[in-house]
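Enquirer: okay, structure incoming, though there's no sequence with it:
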């Protein structure tokens, strides 16, 4: 009986230690070359699920013409195929604070394994539009 207690106790302490371990984020600057909108900062945290990764984090950018800052929640999966990393994300955020309108969309990135540079595509489900551009790794803030 005492052995089971120690086994369960050790398991609980091990899980608590893992939960307290700091997870390092990965960040990219997504630049679509639009004058009215700043490049998007994408900040992702990953969990390895045996070669496939669960990812979650935030995408943030500023609308230069109005000075408004947008923050979107993102989650999805990533996988390495040959020399590329493919990341597929669902995104949502508040589009208009006054009207409390919700924005939903997707981000899709293809990155080089060696450099983490690549390309992205952002689709907005609200207005059925797409923006693409360059994804460059940056130091997370």
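Expert: Arrived safely, thanks for sending. For clarity, every value in this text was computed on a predicted model and none was experimentally measured. Residues are numbered from 1 along each chain as shown.

Enquirer: how about residue 95, what does it touch?
Expert: Residue 95 is in contact with 70, 101-103, 126, counting by Cβ atoms under 8 Å, 6 or more residues apart in numbering. C-betas here are computed from N, CA, C, even on glycine.

Enquirer: quick one: which of those sit in strands?
Expert: 70, 101-103 (DSSP state E).

Enquirer: thought residue 86 was touching residue 78?
Expert: Yes: at 6.7 Å, residue 86 and residue 78 qualify as touching, with contact defined as Cβ atoms under 8 Å.

Enquirer: these two: who's more crowded?
Expert: Counted by other Cβ atoms under 10 Å, residue 86 and residue 78 do not tie: residue 78 has more neighbours, with 19 against 14.

Enquirer: who's the more buried one bridged to?
Expert: residue 53, residue 87 (DSSP bridges).

Enquirer: that one and residue 40, how far apart?
Expert: Residue 78 is 17 Å from residue 40, where distance means Cβ to Cβ, to the nearest Å.

Enquirer: pLDDT weak spots in the chain?
Expert: 1-22, 96-99, 126-127 (pLDDT under 70).

Enquirer: how about the helices in it?
Expert: 2-20 (DSSP state H).

Enquirer: now for residue 42: which residues touch it?
Expert: 27-30, 57-59, 74, 107, 109, 135.

Enquirer: on that earlier part again, drop anything exposed from the ones in strands among the contacts of residue 95.
Expert: 70, 103 (16 or more other Cβ atoms under 10 Å).

Enquirer: as JSON lines, the ones in strands among the contacts of residue 95 with distance to residue 93 would be great.
Expert: Below are the ones in strands among the contacts of residue 95 laid out as JSON lines (distance: Cβ to Cβ, whole Å):
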{"residue": "70", "distance to residue 93": "6"}
{"residue": "101", "distance to residue 93": "10"}
{"residue": "102", "distance to residue 93": "7"}
{"residue": "103", "distance to residue 93": "5"}
